[in-house]
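Peer 1: My questions are about this predicted structure, shown below with the sequence.
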Amino acid sequence: MIFTKHATLFLVSTFGIISVAADGGGIRALDKGGKKGKKSKGDRRGPNLVDRKAGKFVSQTINICEGEDPDADDIPCFENGVIDAVAGPQAGINVTEGYDSGEITVIDGGVVVEPITSTFLEAGLCPVNVHWHTGAEHTSAGEYDCTTRECGPTGKGTGRRVLSKYGLLDKKADGTHRGLSDDDGPDRQGFRCSHYDKNDPKFTKPYHFKFCSKEMTVGETYEVHWPHGSFGACNTPSQYQTPFYKGLFCNLGRAGLSFPEDVINGKISSQTVASNFALQGQVYTIVNDENYYYPDLFRGMITGVKDFGKDIAVYLGSSTGSDRDNTICSKYAPITWQMDRKCHLISASSFDKLCADMLSQTPTDMTADVAPKGARLLVDDSLSDSNVKTLNLN
Ligand SMILES: *[C@@H]1O[C@H](CO)[C@@H](O)[C@H](O)[C@H]1NC(C)=O
């Protein structure tokens, strides 16, 4: 299927801002070990954790992105069997090497719309948020595709494999639907990696999270997302935002544009969307083992070590989340996705360090993002980009 959006090509002139995360990235973390006179059994902090308090590092208290969340409603994916023109290709898809939905090619002004194939930093985008989902929203064969109970610590399968053609899925079919905030069913869990081994203590020994939500579980698989944008408040204390839409659209109004109106009327082309709004994703199984500690998950996906970032699927998709499935689609498309195909082990303390960094943000309150979110149903072929590329950022 050829998916044509708009014929107008519109160039926005305010991009090109090189980004550095607004947190105290250079601050050396301290490990004080057990505090004097208070050596409780529960104090099992990993190394390199420091009790940070919000507001210590910056003086700016005004969040310049306040009120900039477009809060665009979801839309039905199909109208009379045809993809809604605003929906476009969705995320997360099957990122297995060789997967081809054979369905969607996004064309704009007669030209195929291309995702960003450099690093987002090189493309002038900065990270505006980090959050994660329980289980992978994407699937990658042999890496994160497990749905059986053996692959996770809860003794439960994830029931993710209920696929439908053309949005005919009965939501009750998999017993789980929609998100935490809607209170209309259990949160849907995504695919798991196959690393979990119930006989290996690093997958089963509990870790006492101090900064992340207590829902976080050793042995469980999480898909972490870093939304990036060139309309973000890059290089200011307002760079990171919760919800992330505020960060992505922070400077759009100041550039004289509005979303989704200017996408619908063609003032913002599909290529402009794909080149200026992007998501990075990496999938991890959490272990209680400091040999897998990584100090900075805040600024973006891990690249450059071991096999991190070596095999990345690049495609056009949308924002995700458990409110969306193959019937209800996100309007935030076609954005660039760079999704690491491998599942990596990472220490629980790496996540707790990340949550500490998030909670130390000023002026943004990121509390809502230190708990895992539900997962979207795997995107059906009919809604998947067919032009998946491969990138090595290692
Ligand atoms: C993903 O794609 C691969 C390659 O085409 C295929 O073997 C696998 O079954 C697909 N996974 C799912 C869950 O559809």
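Peer 2: The structure has been received and is ready for your questions.
Peer 1: Tell me the backbone dihedrals of residue 140, please.
Peer 2: Per-residue torsions, residue 140: phi -140, psi 120 (degrees, to the nearest 10).
Peer 1: for it, what are its contacts?
Peer 2: 94-96, 283, 313, 341-343 (Cβ atoms under 8 Å, 6 or more residues apart in numbering). In this view, the C-beta of every residue, glycine as well, is placed from N, C-alpha and C.
Peer 1: residues in this protein within reach of the ligand, list them.
Peer 2: Residues of the chain that fall close to the ligand, judged by Cβ under 6 Å from any ligand atom: 94, 96, 98-99, 139, 141, 145, 378.
Peer 1: at 8 Å instead, please
Peer 2: Within the chain, the positions lying close to the ligand (Cβ under 8 Å from any ligand atom) are 94, 96-100, 139-141, 145, 161, 163, 191, 378.
Peer 1: Put the buried members of the residues you listed into a ChimeraX selection.
Peer 2: Selection of buried members from the residues of the chain next to the ligand for ChimeraX, criterion 16 or more other Cβ atoms under 10 Å:
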select :94,96,99,139,140,145,191,378
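Peer 1: End to end on stretch 141-148, go ahead and measure it.
Peer 2: Distance between the boundary residues of stretch 141-148 (Cα to Cα, to the nearest Å) amounts to 14 Å.
Peer 1: What residues of that stretch count as buried?
Peer 2: For stretch 141-148, a neighbour-count test (16+ other Cβ under 10 Å) marks 143-147 as buried.
Peer 1: what about residue 105, which SS state?
Peer 2: The three-state assignment at residue 105 reads strand, by DSSP: H, G, I helix; E, B strand; the rest coil.
Peer 1: Just list whatever residues bridge to it.
Peer 2: With DSSP bridges as the criterion, residue 105 is bridged to residue 2.
Peer 1: pretty sure it is touching residue 388, no?
Peer 2: No - Residue 105 sits out of contact with residue 388 when judged by Cβ atoms under 8 Å, with a separation of 11.4 Å.
Peer 1: Of the two, which one has the most company?
Peer 2: residue 388 (22 against 17; other Cβ atoms under 10 Å).
Peer 1: per-residue confidence at the more buried one?
Peer 2: pLDDT for residue 388: 96.
Peer 1: which residue packs closest to it, ignoring adjacent ones?
Peer 2: In space, and not counting its chain neighbours, residue 388 is closest to residue 315: 4.5 Å by Cβ to Cβ, 6 or more residues apart in numbering.
Peer 1: What's the separation between that neighbour and residue 115?
Peer 2: Look at residue 315 and residue 115: by Cβ to Cβ, to the nearest Å, they are 6 Å apart.
Peer 1: got any residues that touch both of the two?
Peer 2: 336-337, 389.
Peer 1: re earlier: show only the entries of the residues of the chain next to the ligand found in strands.
Peer 2: Per DSSP state E, strands hold the following members of the residues of the chain next to the ligand: residue 145.
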